[in-house]
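**Q** Sharing a model that was predicted from the sequence below.
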Amino acid sequence: MNPLLSIIVPVKDEEEAIPPFVTRMTGVLDGLRDPEGAAIGWEILFVDDGSTDLTMAAILTAHDADGRIGALSLSRNFGKEAALSAGLDNVRGQVVVPIDVDMQDPPEVIGDMIAKWREGFEVVYGVRRNRMTDSFPKRLTADLYYRAHNWLSMDKIPEHAGDFRLLDRKVVEVIKRMPERNRFMKGLFAWSGFRQTAVEYDRVERAIGTTKFNYWKLWTLAIDGITSASTAPLRVWSYVGAIIALLALVYAVFIGVRTLILGTDVAGYPSLMVAILFMGGVQLLSLGVLGEYVGRILVETKHRPIYIIRQRVGCPDAHESETA
């Protein structure tokens, strides 16, 4: 019999964080009750995204102690978005909650999410009341990103909401049918629609381990998010080109009129170099934006799997290896 609730936990090099996470999470899940007061069925699925430490050994120890804890071990590091996709493809619950192992997102909020789900909402996303645990540059860039994404895209993502959310099985099935390789999960969740609501919570500082995200990875994720959700960066260069052409025409008329009135005008070398360098920079920038989209087209046309499973632990229909 399939459980009511599935928890997806993508991990990479988190051997120290696994035991305290399992202890806290299982305590929370065992305390959840249905409207009749009975304990609900649950499962935890870790997705080991190419760890190089003893993360998988820690997960196997947890599985031996509680068979409701399972794992997928990917053949290499495919990235968090791919790991989340692997989890969504393999969990069995009627509702699914992705959560990070660092416990900055408190598992105790899951009970509130389930209560909202019972009210009829298919997506219940967690919203951080504040981001004081993040550095000022990260808070600033995150705020700017959310504003830029929602301004450029028709698929609005909730501000200050991460991957920590509850998804009804109907939403999971929709996400599973999306074939794109360049995946931005928050954008896919927003695109799917359905009735959505928020649950607020306070995010705490990470106590064990260190984050695997750096500013370059966050920048890459931001670019993936915008390019996957909007073609506005392509369209904007048409407007930029039109404006530059109009300004050039106005300037040409100005030079022509001034020459007729004041005589031959000898152009200066500095102004000529400024014009050439400016136009060259604009062209290279526009080619860079175009290249981002062309590169993503190339990745999609290859039809390579989003992830490859090397090992299954505690998952139904286990196979030695599988591509998705």
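**A** All right, it came through fine.
**Q** Report the helix or strand with the lowest average pLDDT across the chain.
**A** Comparing helices and strands within the chain by mean pLDDT, DSSP states H and E singles out strand 322-323 as the least confident, with a mean of 44.
**Q** What sits closest to L167 if chain neighbours are left out?
**A** Here the nearest residue to L167 in space, its sequence neighbours aside, is V96; by Cβ to Cβ, 6 or more residues apart in numbering that works out to 4.7 Å. The C-beta positions use only the backbone N, C-alpha and C, and glycine is treated the same way.
**Q** Would you verify that the one you found is located in a strand?
**A** Yes. Note on V96: a strand contains this position according to DSSP: H, G, I helix; E, B strand; the rest coil.
**Q** ok, now which ones touch it?
**A** V96 makes contacts with 5-8, 87-88, 166-167, 169, 172, as judged by Cβ atoms under 8 Å, 6 or more residues apart in numbering.
**Q** Try it again at 6 Å.
**A** Contacts of V96 were listed using Cβ atoms under 6 Å, 6 or more residues apart in numbering, and they are 6, 167, 172.
**Q** which one of those has the most neighbours?
**A** Taking other Cβ atoms under 10 Å to define a neighbour, the member of the contacts of V96 with the most is L167, carrying 28 neighbours.
**Q** Run through the stretch 1-150 of the chain and note the low-pLDDT ranges.
**A** The stretch 1-150 of the chain contains residues with pLDDT under 70 at 130-150.
**Q** Mind jotting down where the strands sit in it?
**A** 5-11, 42-48, 69-74, 95-98, 123-128 (DSSP state E, counting those that start in this stretch).
**Q** So what are the sheet partners of the second one and their directions?
**A** Partner strands and pairing direction for strand 42-48 (DSSP bridges) are strand 5-11 (parallel), strand 69-74 (parallel).
**Q** For the last one, could you pull out the residues that count as buried?
**A** Judged by neighbour count (16 or more other Cβ atoms under 10 Å), strand 69-74 contains these buried residues: 69-74.
**Q** now do stretch 73-80
**A** Of the residues in stretch 73-80, those buried by neighbour count under the rule 16+ other Cβ under 10 Å are 73-74, 77-80.
**Q** same deal with stretch 83-95?
**A** Of the residues in stretch 83-95, those scored as buried under the neighbour-count criterion (16+ other Cβ under 10 Å) are 83-95.
**Q** G41: neighbouring residues, count only.
**A** 18.
**Q** Verify the stated contact: it with P3.
**A** Yes. The pair G41 / P3 is scored as a contact, 3.7 Å apart, by Cβ atoms under 6 Å.
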